[in-house]
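[1] how does the following fold in three dimensions:
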Amino acid sequence: MNELQLKLSFLDFLQANPNNNFFGNHDDNSQQYIEIRNEALNRKFDFVLAVIRESSHRPKEIRKNTIEVDDDLKNIYARGNLLKTISQKYKIKIQNMVIYPIEIKSNKDKLDERLGNQVIDAILSFGRSYVILDTKHCQHMKKNGLKKILPSTIIGYQDTDNKFVIINRFSKVFSDSLLNINRINLIRTIEKSGPEINISRLHKNLRTLQTINQKLIYNQIFFSELSLQEDELKFMEELARINQKINMKKEILKTIKQFTDYKITDFIE
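    All right, here's what the predicted structure looks like:
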């Protein structure tokens, strides 16, 4: 099969097997699949699939402090502009929609360095990556153990029984931040420095700043219109009032001075 034929076969398989576990373990028979077309980011992927299912959290429940915000809800926050566009076009409640960018490699395609770049694009765009492999590539991945290398859920096609099966599941979703600030490490760093600082407030503010920075970078990469929430704008206003300059040159010179007594011969003896 070529790429288009493999994609159509996969979509047909989804419709014929609504209880599949490709996109998590869900027993909801009303789960639906929509191929997202003509979106700006769709050019980066072979196709983008929207899985429509009833959300486990109602808006009233999300307001409760006891409700933990899961990865798909966090995606609404971090990638809101993109999901809003899709939601409005297809008339789907945004909390009922989960987006999956999918790469397809038929037997006529080569597996090369482009796949790694496509996986990175998928993670930056939607926080996750899916790859569908035709029979030859699927067998090659299984035989050589390469299926565990990519941070992707990999689905393989079996021509012997005309089925699609999971050959590797990558469950992590990059919905919050690619680099999270560890609270314990932050405490240790501040303790070494000496000053009395409210660690809880500092950690919360650093995470907020990190999230805003991620949104700024995301919108810059994909030329999306920037949209900050009211709380984020208030945070930025408070941040702008700080007039503390960090002298980078001073810190560099201080570090250099600490090691001026070393000679090259000290390292080669």
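[2] pLDDT below threshold where in the protein?
    25-30, 38-43, 55-69, 78, 176-180, 193-195, 217-226, 259-269 (pLDDT under 70).
[3] got a list of what the residue positioned nearest the centre of it touches?
    By Cα atoms, centre = their mean, the chain has its centre lying nearest to Gly127, at 1.6 Å. The contact partners of Gly127, by Cβ atoms under 8 Å, 6 or more residues apart in numbering, come to 71, 75, 78-79, 173-175. In short, each C-beta sits where N, CA and C put it, glycine included.
[4] as a markdown table, the residues you listed with neighbour count and distance to Glu3 would be great.
    Below are these laid out as a markdown table (neighbours: other Cβ atoms under 10 Å; distance: Cβ to Cβ, whole Å):
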| residue | neighbour count | distance to Glu3 |
| --- | --- | --- |
| Asp71 | 16 | 29 |
| Asn75 | 23 | 27 |
| Ala78 | 18 | 30 |
| Arg79 | 22 | 26 |
| Val173 | 16 | 26 |
| Phe174 | 19 | 26 |
| Ser175 | 19 | 29 |
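[5] hang on, the earlier thing: which residue, neighbours along the chain excluded, lies closest to the residue nearest to the centre of the chain?
    Phe174 (4.4 Å; Cβ to Cβ, 6 or more residues apart in numbering).
[6] quick one, helices of this protein?
    Ranges of helices in the chain, per DSSP state H, are 3-16, 59-62, 71-78, 80-90, 113-126, 135-144, 183-193, 199-222, 230-240, 248-258, 265-268.
[7] present the ones you listed as a markdown table; the columns should include distance to Lys44.
    A markdown table is the format used below for the helices of the chain (distance: least, Cβ to Cβ, whole Å):
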| stretch | distance to Lys44 |
| --- | --- |
| helix 3-16 | 15 |
| helix 59-62 | 30 |
| helix 71-78 | 17 |
| helix 80-90 | 12 |
| helix 113-126 | 5 |
| helix 135-144 | 20 |
| helix 183-193 | 34 |
| helix 199-222 | 9 |
| helix 230-240 | 27 |
| helix 248-258 | 36 |
| helix 265-268 | 47 |
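[8] in stretch 1-12, what's buried?
    For stretch 1-12, the buried set under the neighbour-count rule, 16 or more other Cβ atoms under 10 Å, comprises 1, 3, 6-7, 9-10.
[9] same question, stretch 31-50
    The neighbour-count check on stretch 31-50 (16+ other Cβ under 10 Å) flags 31, 36, 41, 44-50 as buried.
[10] quick one: which two of the residues you listed are the most distant?
    Longest distance between any two of the buried residues of stretch 31-50 is 25.4 Å, between Gln31 and Lys44; criterion Cβ to Cβ.
[11] if we take the contacts of Gly127, which one ends up nearest to Lys245?
    Nearest to Lys245 among the contacts of Gly127 is Ala78, at 30.3 Å by Cβ to Cβ.
[12] picking up where we left off before, and the helices of the chain: which comes nearest Leu150?
    Taking Cβ to Cβ, helix 113-126 is the member of the helices of the chain nearest to Leu150, at 5.7 Å.
[13] can you dump the C-alpha coordinates of the closest one into CSV?
    C-alpha atoms of helix 113-126 as CSV (Å, rounded to 0.1, in the frame of the first residue of the first chain):
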residue,chain,number,x,y,z
GLU,A,113,16.2,11.4,9.9
ARG,A,114,13.0,13.2,8.8
LEU,A,115,11.0,11.0,11.1
GLY,A,116,12.8,12.3,14.2
ASN,A,117,12.1,15.9,13.1
GLN,A,118,8.4,15.0,12.5
VAL,A,119,8.1,13.5,16.0
ILE,A,120,9.6,16.7,17.5
ASP,A,121,7.1,18.9,15.5
ALA,A,122,4.2,16.7,16.7
ILE,A,123,5.3,17.0,20.4
LEU,A,124,5.8,20.8,20.2
SER,A,125,2.5,21.2,18.4
PHE,A,126,0.2,18.8,20.3
